[in-house]
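A.B. asks: predicted model and sequence below, questions to follow.
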2 protein chains.
Amino acid sequence: MADVGRLAGVSHQTVSRVINGSRHVSPATRSRVLAAMEQLGYRPNSIARALATGHTKTLGVVSSDTTLYGPASTLFGIERAAHLAGYFIVIASMKALDRGTISEAIDRLRLQGVEGILVIVSDVEGAEALLEAPPEIPLVAVEAGPEQGFPVVSVDQRAGAALATRHLLDLGHPTVHHVTGPPNSIESRLRIEGWRSTLEQAGAEVPAPLIGDWGAQSGYHAGRRLARDRAVSAVFVANDQMALGLLRAMHEAERQIPDDVSVVGFDDVPEAPFFTPPLTTIRQDFGEVGSRSLAVLVRAIEARDSGRRPEEGSIVAPELIIRASTIAHRVRPAAHSGAPVDSRSM
Amino acid sequence: MADVGRLAGVSHQTVSRVINGSRHVSPATRSRVLAAMEQLGYRPNSIARALATGHTKTLGVVSSDTTLYGPASTLFGIERAAHLAGYFIVIASMKALDRGTISEAIDRLRLQGVEGILVIVSDVEGAEALLEAPPEIPLVAVEAGPEQGFPVVSVDQRAGAALATRHLLDLGHPTVHHVTGPPNSIESRLRIEGWRSTLEQAGAEVPAPLIGDWGAQSGYHAGRRLARDRAVSAVFVANDQMALGLLRAMHEAERQIPDDVSVVGFDDVPEAPFFTPPLTTIRQDFGEVGSRSLAVLVRAIEARDSGRRPEEGSIVAPELIIRASTIAHRVRPAAHSGAPVDSRSM
DNA sequence: GGATTCGCTGTGAGCGCTAACATGCCAGCG
DNA sequence: CGCTGGCATGTTAGCGCTCACAGCGAATCC
C-alpha cells in the first residue's frame, strides 16, 4: 500500500481512501492511484483491514447434516444471499446437534471473528442452547428455533401440515394417519401439531402417529405397519424420503397408491414428481428461507451497531403440490369382483 | 492480552507463549497466566494473530450446486476433516461453474485470506480454468478435474462405469444402453468412456447414448425413448436421480423392472434402496473424497511452506451395490402366453 | 482584505498479536 | 573463577490497514 502511494505520488492514506471510495479524493489522484494499483498488482489485505476496523464481513453458519436436502438447499440460499450482501460464509457443521456441540460451534465461530451466526437448528435441545448463547453476537435460527424471544426464519410447519391433512380430508378420507420425524425435531413436532389440530377441528379421529427419523428406511417400516391395516386410506408422511420408503412398502404389500391409500409428503424434493406414483407433497422454499434469514441477520448486525432493538424473525408460507399419490376416498367394494350378493349400499 | 499479563505479573509476550504452547514457560507462570485469562474472560483474537503470522487457518471451497447429493456430501466430509485438522472452511458457491465464475470465486477467496482452495469442479471448462489459476495458492480439484498436471481427488469414474456395465454384461445382457449426464460434465464423460470401453472389450454393440442432465426429468425422457424399443434389456444410467426418472417412465410404459429391463444407477443416494424396485447402483464414497481432498490440500500447503514439491491427487475406488433392479437376461418368449406355433429357439 | 469554510491530502497512532532479539539467571565446565 | 550455554522472561518492532486529527491552499463571505 505504501508502494502504491509512492508510485502514485501520494500517501498511503490516500490510497486507502481510494480503496474505500471516499469522495474526498480528486478524480485525477484517484485515477493515478488506480493505475499504480493496477501496475503493481496490488491487492488489499482483508485481514489487516479487519483488524483495524473490527469488521470481518464474515458470517458463520452452524449446521448438522448438510447432506439432507433441506439444510443443503438452505445453506446454498444463504451463501448466495451473503455473496450479494458482501459477506463471506464460514461453516461449522457437526454430527450431532445437541446442546453442547451447538454452543461449542458458536464459540469456534466467534473466535474466528464472525460478525453474526445463522444456526440451522432442528433439535429441541439445540434450540434451548440458543437461548443461553452469549448475547454479544447476533444470532438467527434458521428452519426452526425457540418459540419465543429469538429471531427465527422458517417455513410455517403447522400450516404445511394442516395443508396436507386438509387436502386429504377434503378428498373424503375419514381420517389421516401420520408418520412423524424424529421425536426431538422441532419441525417434526410442529408438523404433528398441525396435523392433529386439523383432524380435531374436522372432528376426525386422531390415530396414533408412527415415529420415523426422516430416513427412507423408517418410512418403509411405517409403511409395512400401515399396509396391514385395511382401514388406513390416507397417510401424511413428515418428509418425502420417508414417503418414498412408505410407497415402497405399500407396493410390496400390494396396496395400490393412490387407489387404496393416498399419501402426502413434505419438502417437495426435486425427485418427488418421479416417485411411483408422483408424490403429492408440501413444498418448502428453502432458498427463500436461506436468503431471508441472511437478511434478518444482516439487519440485526446493523441494528446492534447502531444501538437499535433486535430484529424479528420471518415466516415463509408452504405450498401444497398435488400430484398422483392422492385421490378421492372411495368406499371399498365388499367383494373383489362380480356382483355383490346383497346390495347394501354404503 | 496486556491486561492478562498485568494481572499475572508477566509481559504480554509470555501470555502469547502460553497461548501458543511454547515450552519455554515455567509451569508456575503458565498456570498463573491461565488463571488470569480465565478470570478476565480473555479470548485470543484470531484476526490479529493471522495478521502477525500470515496464517489464517482458513480454507476455501468453491462449489456450484451444493443442493445435489454428491457435492453436499463432499462438502460435509471436507468440513468435518477440516475441523479435525484445525482449519475453517469458507464457501463460495455459485450458479454456473464456468470459466469466469470459477476464477472470480478463487479470487474472492484469496482476497479473503484463505491458505488453500478446494474446487468441487465438474465442468470441462471449469477444469481448464484451474490450470490457469494463479500458482501462488495451493489448489486441489475435488470430484473431478484436469486430466494432468493438477492434484485431483475423486472417485474412479471410469472404473465405476465399467463395474456397472460389466455387471449387466455378466448377467447375460447382449448390450447395455446408457443415459449420460450433461455433455460438459467431466464425470459424465468419464462414465461414458468406462461404459464404452467395457462394451468394446466385450465385443458388444455400442448403442448411441441418450443425453441427460442429472435431473430426474431427463431420466424420465430417456426412459420413455428406451421403453419403446423392445430390444433394450439393460440400461446404465449415469446417476440415481435420472435412474429414478427412468424407472418411472418404464413403469408407465408397463415395462417391468428388472424382468423386462435391468437398470443400474450411479451414486447410491440414501433413497436408492427404496426405489421401485430397489436400485442396483455404484456407490461413491463422497465423505472419503472430501476428507482425502482436505488432507491433500493441507499437505500441499505444508509442502509449499517448506518448499517441497506439490502433492499428487488421490483416487477413491467405487463399489457396486447390487439390489433388485438388475436380473439375468432372459430371451423373451415369442408370444405372450401359450405354446409358440413354431419353436425356433434363439 | 482578513476570517471562514470547504475540499483534498498527509501524519501519527494503534488494532492485537507474534517474531526476533536482548536480558538476566543459574548450572556446569575446565 | 570466569566462561559457556540453556532456560525463562522482557523489549522492540512490525504485520497492513484505518481512524482521528492536522494542514494547506482556494473559494467564499461580510
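C.D. replies: Thanks, I have it.
A.B. asks: would you map the helices across chain A?
C.D. replies: A:2-8, A:12-19, A:27-40, A:46-53, A:69-84, A:99-112, A:124-131, A:157-170, A:186-201, A:216-228, A:240-252, A:286-305 (DSSP state H).
A.B. asks: isn't A:Ala87 right up against A:Thr58?
C.D. replies: Check again: residue A:87 is Tyr, not Ala. Yes. With contacts counted by Cβ atoms under 8 Å, A:Tyr87 reaches A:Thr58, the gap being 6.6 Å. Every residue, glycine included, has its C-beta placed from N, CA and C.
A.B. asks: what residues do these two have in common as contacts?
C.D. replies: A:Glu115 (Cβ atoms under 8 Å, 6 or more residues apart in numbering or on different chains).
A.B. asks: could you check the pLDDT of the nearest residue to A:Ala141 once chain neighbours are set aside?
C.D. replies: Among residues not flanking A:Ala141 along the chain, A:Val152 sits closest, at 4.5 Å (Cβ to Cβ, 6 or more residues apart in numbering or on different chains). We have a pLDDT of 95 for A:Val152.
A.B. asks: A:Val152 - how many residues pack around it?
C.D. replies: A:Val152 is flanked by 25 other residues according to other Cβ atoms under 10 Å in any protein chain shown.
A.B. asks: with the one 10 residues further on instead?
C.D. replies: By the criterion of other Cβ under 10 Å, A:Ala162 has 23 neighbours.
A.B. asks: next one: the one 5 residues further on
C.D. replies: As a burial measure, A:His167 scores 21 neighbours (other Cβ under 10 Å).
A.B. asks: and if you look at the one 3 residues further on?
C.D. replies: A:Asp170 has 11 neighbouring residues, counting by other Cβ under 10 Å.
A.B. asks: before we move on, back to that, which of the helices of chain A sits most buried?
C.D. replies: Mean neighbours per residue, mean count of other Cβ atoms under 10 Å in any protein chain shown, is largest over the helices of chain A for helix A:240-252, with a mean of 26.
A.B. asks: what are the phi and psi values at A:Thr56?
C.D. replies: Phi and psi for A:Thr56, reported as degrees, to the nearest 10, are phi -100, psi -10.
A.B. asks: if we can go back for a sec, where's the residue nearest to A:Ala141 relative to chain B, distance?
C.D. replies: Distance of A:Val152 to chain B, given as Cβ to the nearest Cβ, to the nearest Å: 23 Å.
A.B. asks: what does the stretch 51-200 of chain A put close to chain B?
C.D. replies: A:51, A:56, A:58, A:65-67, A:69, A:72-73, A:75-76, A:79-80, A:83, A:88-95, A:108, A:110-113 (Cβ under 8 Å from any Cβ of the partner chain).
A.B. asks: quick revisit: the helices of chain A into JSON lines, with extra columns for distance to B:Ala204?
C.D. replies: Shown next, in JSON lines, are the helices of chain A (distance: least, Cβ to Cβ, whole Å):
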{"stretch": "helix A:2-8", "distance to B:Ala204": "65"}
{"stretch": "helix A:12-19", "distance to B:Ala204": "63"}
{"stretch": "helix A:27-40", "distance to B:Ala204": "59"}
{"stretch": "helix A:46-53", "distance to B:Ala204": "57"}
{"stretch": "helix A:69-84", "distance to B:Ala204": "37"}
{"stretch": "helix A:99-112", "distance to B:Ala204": "52"}
{"stretch": "helix A:124-131", "distance to B:Ala204": "54"}
{"stretch": "helix A:157-170", "distance to B:Ala204": "48"}
{"stretch": "helix A:186-201", "distance to B:Ala204": "49"}
{"stretch": "helix A:216-228", "distance to B:Ala204": "34"}
{"stretch": "helix A:240-252", "distance to B:Ala204": "32"}
{"stretch": "helix A:286-305", "distance to B:Ala204": "44"}
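A.B. asks: format those as JSON lines; extra columns: mean pLDDT and distance to B:Asp260.
C.D. replies: Converted to JSON lines, these look like this (pLDDT from 0 to 100; distance: least, Cβ to Cβ, whole Å):
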{"stretch": "helix A:2-8", "mean pLDDT": "88", "distance to B:Asp260": "71"}
{"stretch": "helix A:12-19", "mean pLDDT": "92", "distance to B:Asp260": "67"}
{"stretch": "helix A:27-40", "mean pLDDT": "91", "distance to B:Asp260": "65"}
{"stretch": "helix A:46-53", "mean pLDDT": "95", "distance to B:Asp260": "60"}
{"stretch": "helix A:69-84", "mean pLDDT": "93", "distance to B:Asp260": "31"}
{"stretch": "helix A:99-112", "mean pLDDT": "90", "distance to B:Asp260": "49"}
{"stretch": "helix A:124-131", "mean pLDDT": "89", "distance to B:Asp260": "48"}
{"stretch": "helix A:157-170", "mean pLDDT": "98", "distance to B:Asp260": "34"}
{"stretch": "helix A:186-201", "mean pLDDT": "97", "distance to B:Asp260": "39"}
{"stretch": "helix A:216-228", "mean pLDDT": "97", "distance to B:Asp260": "25"}
{"stretch": "helix A:240-252", "mean pLDDT": "97", "distance to B:Asp260": "17"}
{"stretch": "helix A:286-305", "mean pLDDT": "92", "distance to B:Asp260": "38"}
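A.B. asks: go ahead and flag the most central residue of chain A.
C.D. replies: Closest to where the C-alpha atoms of chain A average out (Cα atoms, centre = their mean) is A:Glu143, at 4.1 Å.
A.B. asks: was I right to think that one contacts A:Gly70?
C.D. replies: Yes. Using Cβ under 8 Å, A:Glu143 is in contact with A:Gly70, at 6.7 Å.
A.B. asks: one step back: how far away is the residue nearest to the centre of chain A from A:Glu311?
C.D. replies: 17 Å (Cβ to Cβ, to the nearest Å).
A.B. asks: same check on A:His167?
C.D. replies: Distance from A:His167 to A:Glu311, by Cβ to Cβ: 34 Å.
A.B. asks: again with A:Gly223
C.D. replies: From A:Gly223 to A:Glu311 the distance is 42 Å (Cβ to Cβ).
A.B. asks: over to A:Pro146?
C.D. replies: Applying Cβ to Cβ to A:Pro146 and A:Glu311 gives a distance of 15 Å.
A.B. asks: and A:Leu278, what does it touch?
C.D. replies: Just so we're on the same page, residue A:278 is Pro rather than Leu. Counted by Cβ under 8 Å, 6+ apart, A:Pro278 has contacts A:272, A:323-325, B:248.
A.B. asks: swap in 10 Å and give it another go.
C.D. replies: Contacts for A:Pro278 (Cβ atoms under 10 Å, 6 or more residues apart in numbering or on different chains) come out as A:271-272, A:321-325, B:248.
A.B. asks: return the subset of those lying in strands.
C.D. replies: Among those, the ones falling in strands (DSSP state E) are A:Ile321.
A.B. asks: of the contacts of A:Pro278, which is the nearest to DNA strand D?
C.D. replies: Checking the contacts of A:Pro278 against DNA strand D by Cβ to the nearest atom of the strand gives A:Glu271 as the nearest, at 47.2 Å.
A.B. asks: hang on, isn't that closest one packed against A:Ala216?
C.D. replies: No. With contact defined as Cβ atoms under 10 Å, A:Glu271 does not count as touching A:Ala216 (11.3 Å).
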